[in-house]
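Colleague: What follows is a predicted protein model with its sequence.
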Amino acid sequence: MRNFIFITLFIFMTSTPTFSMASDNASEKNQDIMLGAYLLEDAYNPEKIIEFESDIEQELAIINIFTSFDYDWNQLHVQCSNIVNEGATPMITLEPTLADRPNDNLLPEISQGHWDDYIDEWIANFMLWMKDRDDPNARVLLRFAHEFNGIWYPWSNDPNAYITAWQYLHNKFEVAGANQYIEWVWNANNIDIDDYNDITQYYPGDDMVDWTSLDGYNWGANYSFTEWSTFTELFEEQYAVLTTSFPHKPILIAEIATVEPSDLPNTADEYAGNDSDSHESKAKWIKDMFKQIRLNFTHIKGVIWFNTNKEFSWSLNEADHNTGLDKFRKMAQKKYITSDFNTVAFYDMEESDPIASMAPIAKLSDNTDNTDNTDNSLLNSSHKMKNQADGFRALSKSVIEKRRQQHHEMIAKQMVQDKKDKKEK
């Protein structure tokens, strides 16, 4: 289905000579785009929130945090309280995995009731936390089992188990009365690495999803199968799938960042790339990202920057070599960016036109101003993403399992770092 949608879009865009770019009419441009981030120390340390907001001179609407079935509201209470105390809304990325079982798919166990005690306690403590907040309008975004169309998480590549577990979990929240405070975020990777090549096969149903969302990173040339890629090159195909298949659902970019041009591949890796992107600019990439969301990706209503130097230098302000902060700060001041959290009901997607939301994708970036080259640009973008997907698929089992373990270590490290910081004070 994904290929059919993209081919249909491609034919529509290249066979309509009267087609024009996004209107200069301000009313037709994207408005009220929420600004968010994932921050170092995973919201355990409120000072990291304050520091980032000070550096970008803008408050955040959404702060993403990661948790797994190893953790509960003993930790989430601290993280979420720190977030709301700074005026933002938490997006809880809930991962169905365990540190001592990093390669086991827990989705079938969830649906079979093996995790009922954990889930019921999780919901009960969440409701207590909400009661303490005493705000009937408060919301939490819940992003369960994200990037299901990848291969790096054990719950991926299993649409039937995914849908069944999602519906089971959603129903438990519904019975407990918790869904009045939850907005469910269904999240796919920007390229399909799985066996299905169609994210719609994982969709649990309109009545169980509030937001659709995508994650995507510009890896630069640091892998042998990746190239420096613009925002549009990363997202245009899956965006077309979302706006065609689920036109009444607003979209979040739940994770996004770009490498530094100065980043170097790890030559010890079997899939190491090169430094052919050294002439590129992180600042220009960021400017183009905001521009594209504003003008051409109008179903996107929130963008959440992954602000930590994990695999590469994604951050804006974590280390001296990080760049792009000045440009991010400037773009964050734009009137179409908001630091207020808006519920899904705020965005009247019922009135949106899915064809109009897809068509402006023809303008690929600041560097693609000639619309006569639309067909070549689309094909080049698709070729880049196909190479990237093929490269990730070819990763060895040991590499994938190592990445899973590192991810668990990242989650644990944030809590340990917070305890260390408090002890030093």
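Modeller: Now that the structure is in, tell me what you want to look at. Numbers count the residues shown, from 1 in each chain.
Colleague: State the distance from N307 to T343.
Modeller: 24 Å (Cβ to Cβ, to the nearest Å). Backbone N, C-alpha and C define where each C-beta goes, glycine included.
Colleague: The two: which has the busier surroundings?
Modeller: N307 (23 against 14; other Cβ atoms under 10 Å).
Colleague: Now tell me what touches stretch 100-117 from outside.
Modeller: The list of residues contacting stretch 100-117 from outside it, by Cβ atoms under 8 Å, 6 or more residues apart in numbering, reads 69, 96-98, 119, 145, 154-155, 158, 161-162, 164-165, 168-169, 172, 401, 404-405, 408.
Colleague: pLDDT of that stretch, averaged?
Modeller: For stretch 100-117, mean pLDDT rounds to 98.
Colleague: Just confirm Y38 is within a helix.
Modeller: No: counting by DSSP: H, G, I helix; E, B strand; the rest coil, Y38 is not part of a helix but strand.
Colleague: and it, how many residues sit next to it?
Modeller: Residues near Y38, counting by other Cβ under 10 Å: 25.
Colleague: residue contacts, it?
Modeller: Going by Cβ under 8 Å, 6+ apart, Y38 touches 63-66, 255, 304-308.
Colleague: again, only using 6 Å
Modeller: 64, 306 (Cβ atoms under 6 Å, 6 or more residues apart in numbering).
Colleague: Return the distance of it relative to L142.
Modeller: Per Cβ to Cβ, Y38 is found 15 Å from L142.
Colleague: repeat for A188
Modeller: Remark: distance between A188 and L142 (Cβ to Cβ) = 16 Å.
Colleague: before we move on, what about G302?
Modeller: 15 Å.
Colleague: pLDDT weak spots in this protein?
Modeller: 1-28, 351-379, 416-425 (pLDDT under 70).
Colleague: mind checking the end-to-end distance for stretch 149-161?
Modeller: Stretch 149-161 has an end-to-end distance of 13 Å (Cα to Cα, to the nearest Å).
Colleague: Likewise for stretch 153-165?
Modeller: The first residue of stretch 153-165 is 15 Å away from its last residue (Cα to Cα).
Colleague: sorry, back to before: only the buried subset of the contacts of stretch 100-117, as a ChimeraX command please.
Modeller: Remark: buried members of these, expressed as a ChimeraX selection using 16 or more other Cβ atoms under 10 Å:
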select :69,96,97,119,145,154,155,158,161,162,164,165,168,169,172,404,408
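Colleague: Point me to the residue sitting closest to the centre of this protein.
Modeller: The chain has A254 as the residue nearest its centroid, 2.3 Å off, counting by Cα atoms, centre = their mean.
Colleague: just the helices in the stretch 51-200 of the chain please.
Modeller: Applying DSSP state H, counting those that start in this stretch to the stretch 51-200 of the chain gives helices spanning 73-85, 107-111, 116-133, 159-175.
Colleague: okay if I get those helices as CSV plus distance to A268?
Modeller: Shown next, in CSV, are the helices of the stretch 51-200 of the chain (distance: least, Cβ to Cβ, whole Å):
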stretch, distance to A268
helix 73-85, 34
helix 107-111, 34
helix 116-133, 39
helix 159-175, 34
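Colleague: just checking, F144 touches L94?
Modeller: Yes: contact status for F144 versus L94: in contact at 5.0 Å, counting by Cβ atoms under 6 Å.
Colleague: For the two, indicate the residue with more neighbours.
Modeller: With neighbours defined as other Cβ under 10 Å, F144 and L94 compare such that F144 has more, 22 against 19.
Colleague: show me the contacts for the more buried one.
Modeller: Contacts of F144 (Cβ under 6 Å, 6+ apart): L94.
Colleague: switch the cut-off to 10 Å
Modeller: 92-96, 110, 155, 162, 165-166, 169-170, 184-187, 204 (Cβ atoms under 10 Å, 6 or more residues apart in numbering).
Colleague: hey, what's the closest residue to D32 other than its chain neighbours bridged with?
Modeller: Counting by Cβ to Cβ, 6 or more residues apart in numbering, D32 lies nearest to T338, which is 5.0 Å off, once chain neighbours are set aside. Taking DSSP bridges, one obtains M34 as the residues bridged to T338.
Colleague: T338 and Q58, how far apart?
Modeller: Computed with Cβ to Cβ, the distance linking T338 and Q58 is 9 Å.
Colleague: and what of Y162?
Modeller: According to Cβ to Cβ, Y162 and Q58 sit 35 Å apart.
Colleague: Also A332?
Modeller: 4 Å.
Colleague: Would you mind listing the residues touching both of the two?
Modeller: Joint contacts of A332 and Q58 (Cβ under 10 Å, 6+ apart) are 35, 339.
Colleague: Show me where the stretch 251-400 of the chain has its helices.
Modeller: Taking DSSP H, counting those that start in this stretch as the criterion, the stretch 251-400 of the chain carries its helices at 282-295, 325-332, 354-358, 374-393, 397-424.
Colleague: Pick the most deeply packed of these.
Modeller: Ranked by mean neighbour count, the helices of the stretch 251-400 of the chain are led by helix 282-295 with a mean of 21 (mean count of other Cβ atoms under 10 Å).
Colleague: okay, the angle between it and helix 325-332?
Modeller: Interaxial angle, helix 282-295 versus helix 325-332 (axes from the mean of the first three to the mean of the last three Cα atoms, to 10 degrees): 10 degrees.
Colleague: what's the offset of helix 282-295 from the middle of its chain?
Modeller: Distance of helix 282-295 from the chain centroid (Cα atoms, centre = their mean, to the nearest Å) equals 16 Å.
Colleague: So which elements touch it?
Modeller: strand 33-39, strand 211-218, helix 231-245, strand 251-258, strand 300-307, helix 325-332, strand 337-338 (3 or more Cβ pairs under 10 Å, 6 or more residues apart in numbering; DSSP states H and E).
Colleague: any idea which of these is most buried?
Modeller: When the helices and strands packed on helix 282-295 are scored by mean count of other Cβ under 10 Å, the highest mean neighbour count falls to strand 251-258 (a mean of 27).
Colleague: can you pull the alpha-carbon coordinates of that strand into CSV?
Modeller: Coordinates of each C-alpha in strand 251-258 appear next as CSV, following Å, rounded to 0.1, in the frame of the first residue of the first chain:
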residue,chain,number,x,y,z
ILE,A,251,0.9,14.4,13.0
LEU,A,252,3.8,14.8,15.4
ILE,A,253,7.4,14.5,14.5
ALA,A,254,8.2,12.7,17.7
GLU,A,255,12.0,12.4,17.3
ILE,A,256,14.1,14.4,14.9
ALA,A,257,17.7,15.6,14.7
THR,A,258,20.6,15.9,12.3
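Colleague: Each with direction, which strands does that strand pair with?
Modeller: Going by DSSP bridges, the partners of strand 251-258 are strand 211-218 (parallel), strand 300-307 (parallel).
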